[in-house]
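1. My questions concern the predicted model and sequence given below.
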Amino acid sequence: MTAAKATNPDAIVILAFDETKSIIPELKAQGVDLSKVYLSDGNTADYSKDFEAGTLTSAQGTIPGAYPADDFKAKLVSWYKDTQNAALGDFSYAPEAYDATTLSALAALKAKSTVSADIQAQLAAVSGASGKGTKCKSYAECAPLVTAGTDIQYVGQSGVGPFNSHNEPSSAFIGIYKFDKDNKPVWQSAIEGQTSY
């Protein structure tokens, strides 16, 4: 840490997981301005129980994936409370997991099969890869269209585009977070990127 500070860096990026809980206190002890610290993915987490209040104020981090809409978060919180009798506080990858499940169910419906190869063969179609599908936002909304033989474009919670020629989503989001005085990451914005192939 001393060597990193000696270079007087404009920023310090920490790419670690549990080690972050050791790195942050050492950086603070070295007098590093923690508002210049950037975290990534697994270490952009709630440190309210790990560090003194204000330790990470204004530090930033990224978490892959879309930030869930409020109504979707409310449904997840309610479901988790009903099934696990606990509070849900982390929504990382929730939109993507929900969409993957819904797309798989719609592809199975279109394939009229539960065989994995048959489902895989219909994923692009229900994602709207043809560019001609009717947009729909849930299994309940999309399923009757699929059953009727209508081409669809499932537009789900994650906001990613139709599948590309590699049978993968054509775009994805990364969230930008800033830490508050309680050392919790707070969503600021999201950036959408297109797949590189």
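-> Now that the structure is in, tell me what you want to look at.

2. okay, now Gly61: neighbour count?
-> Close neighbours of Gly61, defined as other Cβ atoms under 10 Å, add up to 23. Using the backbone N, CA and C atoms, a C-beta is placed for each residue, glycine as well.

3. Helix or strand: which one has it?
-> strand 60-64 (DSSP states H and E).

4. In whichever helix or strand comes after that strand, which residues are buried?
-> With elements assigned by DSSP H and E, the helix or strand that comes after strand 60-64 is helix 70-84. Residues 72-73, 76 are the ones in helix 70-84 that count as buried (16 or more other Cβ atoms under 10 Å).

5. Could you do stretch 159-179 as well?
-> Neighbour counts over stretch 159-179 (16+ other Cβ under 10 Å) mark 159-164, 169-170, 172-179 as buried.

6. What values do phi and psi take at Glu192?
-> Backbone torsions of Glu192, given as degrees, to the nearest 10, read phi -100, psi 140.

7. Looking at the buried residues of stretch 159-179, which are in strands?
-> Mapping the buried residues of stretch 159-179 onto strands (DSSP state E) picks out 172-179.

8. would you list those residues in TSV and tack on pLDDT and distance to Thr114?
-> Formatted as TSV, those follow (pLDDT from 0 to 100; distance: Cβ to Cβ, whole Å):
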residue	pLDDT	distance to Thr114
Ala172	88	28
Phe173	91	30
Ile174	93	33
Gly175	94	34
Ile176	96	39
Tyr177	96	39
Lys178	97	44
Phe179	97	44
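
9. Among those, which pair sits farthest apart?
-> The largest separation in these, counting by Cβ to Cβ, is between Ala172 and Phe179 at 23.5 Å.

10. What are the boundaries of the strands in the protein?
-> 12-14, 37-40, 60-64, 134-136, 152-154, 171-179, 185-194.

11. Need the winner for burial among those strands.
-> Of those, the one with the most neighbours on average (mean count of other Cβ atoms under 10 Å) is strand 152-154, at a mean of 23.

12. what's that one packed up against?
-> Where contact means 3 or more Cβ pairs under 8 Å, 6 or more residues apart in numbering; DSSP states H and E, strand 152-154 is packed against helix 94-111, helix 116-127, strand 134-136, helix 139-147.

13. so can I have JSON lines of these showing distance to Asp46?
-> Shown next, in JSON lines, are the helices and strands packed on strand 152-154 (distance: least, Cβ to Cβ, whole Å):
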{"stretch": "helix 94-111", "distance to Asp46": "16"}
{"stretch": "helix 116-127", "distance to Asp46": "33"}
{"stretch": "strand 134-136", "distance to Asp46": "35"}
{"stretch": "helix 139-147", "distance to Asp46": "32"}
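
14. Now the ones you listed in a markdown table, please, with extra columns for distance to Ile191 and mean pLDDT.
-> A markdown table is the format used below for the helices and strands packed on strand 152-154 (distance: least, Cβ to Cβ, whole Å; pLDDT from 0 to 100):
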| stretch | distance to Ile191 | mean pLDDT |
| --- | --- | --- |
| helix 94-111 | 15 | 96 |
| helix 116-127 | 21 | 96 |
| strand 134-136 | 23 | 96 |
| helix 139-147 | 28 | 98 |
